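>>> Need coordinates for the following:
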Amino acid sequence: MNRPHAARRSMLATAVAAALGLMTAGLLPAGTASAADTDAAATVPPTTTTGTMGSNTRIIQLKKVEVKAGTETTGDQAPSQASLVATEPQSIIGSRYIENVAASTANYTDIVKIAPSVSDVDPNGPGLMESQGLSVRGFQNGEYNVTFDGIPWGDSNDFTQHSTSYFMPQDIGQVTIDRGPGSARTLGNATFGGTLSVDSKDPEPVMGINPFFSVGSFNTQVEGVRFDTGTMNQYGGTTAYFSAKNLSSDGYLTNAALDRQNFFTKIVQPLGDNTTLTFASNLTRLHQNVSLGATRAQIEQYGPNYGLSADPTSQSFYGYNFDKITTDFEYLDLETRWDGWNIGDKLYTYGYRHKGYNGSDPNGEQPNGTVYGPNDVPGQRMRMDYRSVGDILRLSHDLGPGEIHLGGWADRQTNKRLQYEIDWSNGGALNAVPTSAAIDRLMDDSLTDMQTYAEYEWHTTDKLDITGGAKYVNFRRTLDAQVNQKTGLPIHYAQSWTRALPSVDMHYALSDHWSAYAQWAKGFLAPNLNTFYTVDPAVNQVKPEGTTNEQIGTAWNSDGVTFSFDAYHIDFNNKIESRKIGTVTQYYNAGGAIYKGVEGEATVALADGFSVYANASLNNAKVKGTNEWLPNAPDRTAALGLLFDRGPWSLSLIDKYVGVRYGDSGQTQRLGGYASADFAASYAFMHPLSAVKDVEVTFKVANLGDNKSIYALAGYTAQDNNPLYWTIPERSFELDVSAHL
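Down below sits the predicted model:
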């Protein structure tokens, strides 16, 4: 496989190699304890310093109630499970699965795909490309929330996230998929589609160094190191950790390489007996070569892994098709208890700086030729820079036979976007005369979110809780463009949308091991920025989306068994759908839609460390009136796995199935169901050397059956409107080595 740009052995890689060398030589001093030496009891979810007030995950922020996990196999080892205190369908994926089963290169999108009703499209290998389609019950990216430590984040123009551009799995402690709108306290742009809550790891209480190293298929390599300060009593009990990672890979697709460096730090500072201040920062630098997919003719001619070419005379040349992205994400989280009030305030900012380059038509239908020459290679360069600044305030207090909850969220994101037509053969010169004609877009836009809520949780009996409340949302968009996208004309426009969103839920504890719930809630999503890409956005606007969500469910968690089951019905009005033509995404109202289905998952302990995991869903997402399936909405999902955890050994074999779906509206581009199995085996060497607390070696295989069939529609070519596809990445291997010093 061709390597577009050679992976360099960075200073980070050198430092990690040196640490491993010192470890082997036994020169580093031994500590007092390691993560492996101090495993906590299986509790889902774990209590964290950042989750009690700030997370959208209701079970963390409301009730610090332990789920009775029973045995390690059914609690800590279960790939995905619900909590007994959940009030909506939920799957919690813990650190055990993330570390032992997910690839060391995985994004959060790769981690959550194991859950029921969830599917993902990752055509370049695990975590080696931005997700090309993460579906939750048929909802697509931009139709559900993604939070990090309770903070909603994403692009203001369409509420989507860039999965390769922020957090790496080595810093993720838990991911919770809430398949529902949440309560009034659930904050974000797209709560009706659910919330993916990504929670970071906490600092360890003992000092330690954790170097790690991975090698795998597609010339993939990960080097990293984590340093924990331990509890520093001289500073009032401060704990902190810092991690640095380097990822390089050629990728499964030809000439679709990725290089990624990431730095994460988290500091937790107690301020007296009732107050804690947490600071976290995530920094990422990314270079990735980007394919738009392949036509059937290209797949037949070049193979299922065709991505980009190595021909400088072609618009598909990898040197013309790449992204350079840098991001940062920081927050300060203050949590305190004062005069009976629990108070949490989280101030944050995150930024995204993206320079993108591409050939005008990487799929070969548009001939070369520019104003500078008939054989010159035309292309485009773009820039998108945005920053969000926001704050989340949460208050709660006992009141009568329950608790009252008050709070809100304020966020403002400013975004600058530009794109030019260029000539690659002429050093990237603007491809027009006059050069001003080469401007496709030159835009400044903003999105201001203001959400406030009030909610009361009534403990009706010692077993029954009824919670009701309302959230008031206000979205305001502005667009000031010298050259508006699509029209090419100047525009200065602003519009606001407001809505009151009530919710109510009931939670009943049938026993210590069994609970049930029912939920009703309203949802709302403001239109994307692309609805302003007209001469007069006030005329024939795309209407905002709104939902009415209803669902019931139950969860069981006892020694040897975890189980959950739910049924849902979502009435969706003014559904906005999209289709991709070349690099342009077009949006339209698909009218009303109904989402409904049933979901369940279970883990059962057998004997001698063995257990069985299974989940399944039957999903239906259809347009009202026509009864046509909505695009990219599987009709079912399922997973089946055999797990083993005993002594130093941990093994898993899990097969995930995704059912039939359609790549486009009108039930066109039918895609058959597919299955992909993953295998992982880990062995922990305890105290192999006096300076080493433990060394864990893990071997992983993705797509064990080597299924390389087409599994997603990537869009259409701009010239002839031919469909583009993604294929499942071939079987891949990974070897991980991690140590605690």
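>>> tell me which residues form a beta bridge with A681?
Legend: beta-bridge partners of A681 under DSSP bridges are L651, F699.
>>> and it, how far is that from L642?
12 Å (CB to CB, to the nearest Å). Where C-beta positions appear, they are placed from N, C-alpha and C, glycine not excepted.
>>> do the same with N255
N255 is 38 Å from L642, by CB to CB.
>>> now T370
Going from T370 to L642 by CB to CB gives 58 Å.
>>> Could you check which of the two is surrounded by more residues?
Taking other CB atoms under 10 Å, T370 and L642 do not tie; T370 has more neighbours (21 against 15).
>>> Test my guess that the more buried one contacts D423.
Yes - using CB atoms under 8 Å, T370 makes contact with D423 at a distance of 4.4 Å.
>>> got any residues that touch both of these two?
376-378, 431 (CB atoms under 8 Å, 6 or more residues apart in numbering).
>>> what helices or strands is the host helix or strand of H507 leaning on?
Per DSSP states H and E: H507 is located in strand 491-511. Counting contacts by 3 or more CB pairs under 8 Å, 6 or more residues apart in numbering; DSSP states H and E, strand 491-511 packs against strand 464-483, strand 514-525.
>>> and among the ones you listed, the most buried is which?
Counting by mean count of other CB atoms under 10 Å, strand 514-525 has the highest mean neighbour count of the helices and strands packed on strand 491-511, with a mean of 21.
>>> what are the pairing partners of that strand, and which direction each?
strand 491-511 (antiparallel), strand 545-558 (antiparallel).
>>> S163: which of the ones you listed is closest?
Taking CB to CB, strand 545-558 is the member of the strands paired with strand 514-525 nearest to S163, at 22.8 Å.
>>> which parts of that closest one are buried?
545-547, 549-558 (16 or more other CB atoms under 10 Å).
>>> cool, and stretch 481-501?
Buried residues in stretch 481-501, counted by 16+ other CB under 10 Å: 481, 483-485, 491, 493, 495, 499, 501.
>>> Pull the residues that contact it.
So stretch 481-501 is contacted by 184, 191, 417, 419, 439-445, 470-480, 521-524, 526-527, 530, 532-535, 537-538, 544, 546, 584 (CB under 8 Å, 6+ apart).
>>> 6 Å instead, please
When contacts are defined by CB atoms under 6 Å, 6 or more residues apart in numbering, stretch 481-501 is touched by residues 439, 441-443, 470-480, 522, 524, 526, 532-533, 535, 537, 544.
>>> Now do the end-to-end distance for it.
33 Å (CA to CA, to the nearest Å).
>>> where does this protein dip in pLDDT?
By pLDDT under 70, the weakly predicted segments of the chain are 1-76, 540, 576-590.
>>> ranges for the helices of it?
11-25, 51-54, 58-62, 95-100, 108-112, 296-302 (DSSP state H).
>>> and the residue nearest to G307 when sequence neighbours are not counted, what does it touch?
Counting by CB to CB, 6 or more residues apart in numbering, G307 lies nearest to L253, which is 3.0 Å off, once chain neighbours are set aside. By CB under 6 Å, 6+ apart, the residues touching L253 are 124, 291, 305, 307.
>>> residues near the closest residue to G133 other than its chain neighbours, how many?
Of all residues not flanking G133 in the chain, V121 sits nearest, at 3.8 Å (CB to CB, 6+ apart). Neighbour count for V121, taken as other CB under 10 Å: 20.
>>> For V121, what are phi and psi?
Dihedral pair for V121: phi -120, psi 110, per degrees, to the nearest 10.
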